[in-house]
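> Here is my input; please provide its structure:
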Amino acid sequence: MSPEIVVADRPTHGEPRPYQFPRFERLELSNGLGLIAVHLPGRALVTASLILPSGAADEPEDQAGVTSLMARALTEGTARHDAIELTEAAERLGASLHAEAGWDGLSISVEVPAERLSPALALAAEVAAEPTFPAADVERMRDERLNDLLQARADPRRRADDGFVETIYAPGSPYGRPSGGTQETVPGLDADAVRAMHRRRLGPRGMTLIVGGDLHAVGEDIRSIAESRFGAWADNPAAESPSTPRVASAREERIVRVIHRPGSVQTEIRVGHVGIPRLVSDFHAVSVMSAILGGLFNSRLNRKLREDKGYTYGASAGFDLRRGPGPFAVRLAVNTEVTVPALVDVLAELDGIGAAAPTRDELHAARDYLVGVFPLRFETPPAVVGAIAGLLIHGLPMDELDRYRPAIEAISDADVLAAARTHVRPAEAAVVLVGDADAILPALEGAAIGPITVEREELPAPEPPGDSADAA
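Numbers count the residues shown, from 1 in each chain. I've put the predicted structure just below:
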């Protein structure tokens with residue numbers, strides 16, 4: 001092999017290519033249902049999503065999980081098709097039909113070849129307007145959720161995530177619990193509860209149908225199709241409007257909560273506090289700051305904890321931006337013996353992001369990444385439709401996606417520093433550790449990070465092998 005140097009200098013990035021988010025506008029059908037059609041040439045598989053800007057954050061605390069259960073049960077049968085018939089009808093069209101709910105929104109979506117959009121929308125309209133919520137199916141889904149809660153408690157990563165939000169949010173804050181409900185609330189959910197939630201939430205006025213794909217291949221006017229399939233859906237005067245979730249922080253001082261897992265060889269680490277909502281004036285500065293801190297592969301946290309120290313395969317940090325103030329969190333897992341050194345480094349990086357402006361290289365790397373990856377996020381109809389749905393759910397201007405790249409490019413080092421000082425509060429951070437408390441406590445106490453509580457939970461007992469039929 002020749003010892004000659006083949007490449008003397010690292011390649012540099014070029015200027016980002018121009019990009020404009022696909023054009024769209026919001027129309028309204030005769031019954032008040034919104035309609036957005038976005039033409040994506042060459043995308044013959046069309047995505048259509050019916051969006052409700054209301055989710056689990058809007059449900060009563062004592063019925064936590066009912067919105068998620070209601071959404072999952074929507075496709076279990078309608079007044080015209082039972083669950084099997086509905087599935088078969090979708091399959092004959094080459095379509096997939098599904099419904100789901102998150103914290104701030106609910107969607108009923110269908111993906112289908114363009115020429116079969118109209119009959120596929122007929123099925124989506126049935127699911128939205130005429131679900132039957134069979135009691136047996138709702139109970140089955142409820143039991144599946146209860147089993148999932150047991151698994152979450154036994155899984156260190158999920159236990160850390162759940163324990164973290166329990167710790168940072170004050171009681172009564174919806175974001176302090178899982179969106180799918182808790183072990184206390186889910187057992188009380190049934191078909192009557194999901195039917196009542198459907199009546200309280202769904203109706204054409206206040207919802208929007210978003211259709212994205214090659215609209216020329218559909219062969220019909222989208223508004224005419226939507227009117228024919230959804231126009232008979234009567235307005236629901238009882239449908240409640242979404243509200244801004246009322247959340248509060250549980251405390252304003254740093255604490256350490258250790259959830260004991262005897263013999264664990266790793267510790268799941270979460271550090272953070274209540275963050276900010278999506279509708280925040282310095283959103284773009286926060287985006288750049290988050291990328292520098294923990295959003296990029298060469299972020300400060302990843303360089304320190306993965307590259308320099310070798311403590312973890314990866315560390316990340318960022319804000320979960322919701323309609324109300326979502327959590328800000330640093331997330332990583334490390335071997336037990338380096339738990340405290342890793343935690344000390346995390347806190348140092350949180351202090352550091354607000355201590356001085358980022359370097360020129362850090363600022364350019366973060367801005368260039370966010371600007372460059374932006375068009376790649378919207379190469380398929382589901383991604384385009386999902387982005388538009390986000391505008392509706394968060395009440396953002398319809399030109400928000402066009403303004404994103406110029407706004408990111410305009411962020412300065414001073415903007416990043418101001419965002420860090422305003423929104424990252426290390427002195428108020430909760431530290432949640434899931435690992436072997438006996439192994440880490442001596443070093444943890446010596447680090448004097450904050451008051452420590454240790455919880456020695458009993459894990460759910462594993463189910464015995466086999467079932468009753470096998471035993472018989």
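
> what mean pLDDT would you report for the helix or strand encompassing E91?
Per DSSP states H and E: E91 is located in helix 83-92. Per-region confidence: helix 83-92 scores 97 on mean pLDDT.

> Now do it: everything it contacts.
Counting contacts by CB atoms under 8 Å, 6 or more residues apart in numbering, the residues outside helix 83-92 that touch it are 75-78, 81, 96-97, 110, 120, 123, 126-127, 134, 137. Placement of C-beta: from N, CA and C, glycine included.

> Let me have those in CSV, adding secondary structure and neighbour count as columns.
CSV is the format used below for the contacts of helix 83-92 (DSSP: H, G, I helix; E, B strand; the rest coil; neighbours: other CB atoms under 10 Å):
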residue, secondary structure, neighbour count
T75, helix, 23
E76, helix, 23
G77, strand, 21
T78, strand, 22
H81, coil, 19
S96, strand, 15
L97, strand, 22
V110, strand, 25
A120, helix, 24
L123, helix, 24
E126, helix, 23
V127, helix, 23
P134, coil, 15
D137, helix, 18
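
> Give the buried residues for whichever strand or helix holds P406.
Assigned by DSSP H and E, P406 falls within helix 400-409. For helix 400-409, burial by neighbour count (16 or more other CB atoms under 10 Å) applies to E400, L401, Y404, R405, A407, I408.

> Stretch 77-97 too?
G77, T78, H81, L86, T87, A89, A90, L93, A95, L97.

> And stretch 364-377, by the same measure?
Quick answer for stretch 364-377 (16+ other CB under 10 Å): A365, A366, R367, Y369, L370, V371, F374.

> Mind checking which of these are in helices?
Of the buried residues of stretch 364-377, the ones assigned to helices by DSSP state H are A365, A366, R367, Y369, L370, V371.

> Quick check: the second one touching L296?
The reference is to A366. Yes - the pair A366 and L296 passes the contact test of CB atoms under 8 Å, sitting 6.5 Å apart.

> Would you mind measuring from S412 to D399?
Going from S412 to D399 by CB to CB, to the nearest Å gives 23 Å.

> These two: which has the busier surroundings?
S412 (14 against 10; other CB atoms under 10 Å).

> Excluding chain neighbours, what is closest to that one?
Spatially, and ignoring its direct neighbours in sequence, S412 is nearest to L363 (7.7 Å; CB to CB, 6 or more residues apart in numbering).

> quick one: contacts for the one you found?
V288, I292, I411, S412, D413, V416.

> Kindly tell me how buried the first one is, as a neighbour count.
It refers to V288. 28.

> residues touching it, list them.
Going by CB under 8 Å, 6+ apart, V288 touches L363, A366, R367, L370, I408, I411, D415, V416, A419.

> Repeat that for the last one.
Each residue near V416 by CB under 8 Å, 6+ apart is listed here: A285, V288, M289, I292, A357, P358, L363.

> Quick one: neighbours of R360, just the number.
9.

> for the helix holding P406, packing partners?
With contacts taken as 3 or more CB pairs under 8 Å, 6 or more residues apart in numbering; DSSP states H and E, helix 400-409 sits against helix 283-290, helix 360-373, helix 381-394.

> chain center to the last one: distance?
So that's helix 381-394. What separates the centre of helix 381-394 from the centre of its chain is 13 Å, taken as CA atoms, centre = their mean, to the nearest Å.

> Packing partners of it?
So helix 381-394, by 3+ CB pairs under 8 Å, 6+ apart, packs with strand 34-39, strand 45-52, strand 106-113, strand 208-213, helix 400-409.

> Averaged pLDDT, the first one. What do you get?
Model confidence over strand 34-39 averages 97 on the pLDDT scale.

> Over to the second one?
Averaging pLDDT along strand 45-52 yields 98.

> Need the contact partners of that strand.
Here strand 45-52 makes contact (CB under 8 Å, 6+ apart) with 105-114, 117, 120-121, 124, 128, 201-202, 206-215, 217-218, 380-382, 384-386, 389, 392-393.

> try 6 Å
By CB atoms under 6 Å, 6 or more residues apart in numbering, the residues outside strand 45-52 that reach it are 106-112, 114, 117, 128, 207-213, 381-382, 385, 389, 392.

> List the neighbouring strands of that strand plus their orientation.
strand 106-113 (antiparallel), strand 208-213 (antiparallel) (DSSP bridges).

> that's a strand at R270, yeah?
Yes - R270 forms part of a strand when assessed by DSSP: H, G, I helix; E, B strand; the rest coil.

> What residues are bridge-paired with it?
The partner residues for R270, given DSSP bridges, come to R331, V432.

> Name the nearest of the contacts of V288 relative to R456.
A419 (39.2 Å; CB to CB).

> Flag the shaky bits of the stretch 251-400 of the chain, pLDDT-wise.
Within the stretch 251-400 of the chain, the set of residues satisfying pLDDT under 70 is empty.

> Grab the nearest non-local neighbour of L215.
Per CB to CB, 6+ apart, closest to L215 is H39, 4.6 Å.

> N298 now?
Nearest one to N298, counting by CB to CB, 6+ apart, is A365 at 6.8 Å.

> Against S249, how distant is that neighbour?
For A365 relative to S249 (CB to CB), the value is 32 Å.

> And for M197?
Applying CB to CB to M197 and S249 gives a distance of 28 Å.

> Compare neighbour counts for the two and give me the winner.
When M197 and S249 are compared for neighbours, M197 comes out ahead with 22 against 16, by other CB under 10 Å.

> And the more buried one, its phi and psi?
phi -70, psi -40 (degrees, to the nearest 10).

> is it true that it touches L69?
No - at 8.4 Å, M197 does not count as touching L69 under the criterion of CB atoms under 6 Å.

> can you list the residues that contact stretch 119-133?
Contacts of stretch 119-133 (CB under 6 Å, 6+ apart): 50, 73-75, 77-80, 89-90, 93, 95, 97, 108, 110, 112, 191, 194-195, 229-230, 233.

> quick one: stretch 80-95 to chain centroid distance?
The answer for stretch 80-95 is 29 Å, by CA atoms, centre = their mean.

> Domain map for the protein?
26-230, 255-455 (automatic domain parsing).

> Quick check: which of those is nearest to P18?
domain 255-455 (9.3 Å).

> end to end, how far does that closest one reach?
14 Å (CA to CA, to the nearest Å).

> Tell me, what's the model's pLDDT at S2?
Predicted confidence (pLDDT) for S2: 52.

> Turn the contacts of V416 into TSV, columns for distance to R257.
Shown next, in TSV, are these (distance: CB to CB, whole Å):
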residue	distance to R257
A285	31
V288	31
M289	26
I292	28
A357	33
P358	31
L363	35
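
> which of the residues you listed has the most neighbours?
Neighbour-wise, the contacts of V416 (other CB under 10 Å) top out at M289, 30 neighbours.

> Could you double-check that that residue lies in contact with A420?
Yes - assessed by CB under 6 Å, M289 is found in contact with A420 at 5.2 Å.
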